[in-house]
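Peer 1: sequence first, predicted coordinates after that:
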Amino acid sequence: MPVRLTTDLAETEARLADLAATRKVIDGIAPPDQATAPAETATATVYQRIVTTFNEHPGKVFRVRDLHEHLGLPTDDPSINVTRSRLGRLVRQGLLEQPGRGRYQKRT
């Protein structure tokens, strides 16, 4: 694994650990009716599923609709647009690359 990817992975894992610790603190002091919303947890889970899919298929180029079908997610336009936004965020973070318009793959 190239040094840059190793460094990025270590930084991302450290950030995730910080976020998990922060979530525990907030959940501990927030009133029960204001605990972490299930939608926030679902969003994190979708990101994890997306990243896992790209990690399992490092050379494969996915279109958003194909990714949705692979993950069993709804293929309606609003859902596709949300995922397109998520993939754009992952491209900006350097986890994915966009070899063509509407196509995404794991950064090598």
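Peer 2: Right, received. Where do you want to start? Numbers count the residues shown, from 1 in each chain.
Peer 1: use CA for all of it now, contacts and neighbours both
Peer 2: Fine.
Peer 1: ok, longest helix in this protein?
Peer 2: helix 3-29 (DSSP state H).
Peer 1: now that one: buried residues?
Peer 2: Buried positions in helix 3-29, judged by neighbour count with 16 or more other C-alpha atoms under 10 Å: none.
Peer 1: same question for it, mean pLDDT?
Peer 2: Helix 3-29 shows a mean pLDDT of 75.
Peer 1: packing partners of the least confident helix or strand in the chain by mean pLDDT?
Peer 2: One helix or strand of the chain scores below all others by mean pLDDT, DSSP states H and E: helix 3-29, with a mean of 75. Using 3 or more C-alpha pairs under 8 Å, 6 or more residues apart in numbering; DSSP states H and E as the contact criterion, no secondary-structure element is in contact with helix 3-29.
Peer 1: can you give me the pLDDT of the residue most central in space within the chain?
Peer 2: Using C-alpha atoms, centre = their mean, the residue of the chain that lies closest to the mean C-alpha position is residue 47, 2.7 Å off. According to the prediction, residue 47 has pLDDT 85.
Peer 1: residue 60 against residue 107, yeah?
Peer 2: No: Residue 60 is not in contact with residue 107 according to C-alpha atoms under 8 Å; the separation is 10.7 Å.
Peer 1: now do the helices in this structure.
Peer 2: Using DSSP H, helices in the chain cover 3-29, 38-56, 64-71, 77-92.
Peer 1: distance to residue 103 for those helices - can I get that in TSV?
Peer 2: Compiled in TSV, the helices of the chain are given as follows (distance: least, C-alpha to C-alpha, whole Å):
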stretch	distance to residue 103
helix 3-29	21
helix 38-56	12
helix 64-71	7
helix 77-92	10
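Peer 1: and those: which comes nearest residue 102?
Peer 2: helix 64-71 (7.0 Å; C-alpha to C-alpha).
Peer 1: quick one: that closest one to chain centroid distance?
Peer 2: 14 Å (C-alpha atoms, centre = their mean, to the nearest Å).
Peer 1: identify whichever of the helices of the chain lies nearest to residue 98.
Peer 2: helix 77-92 (7.1 Å).
Peer 1: before I go, just wanted to say thanks for your time.
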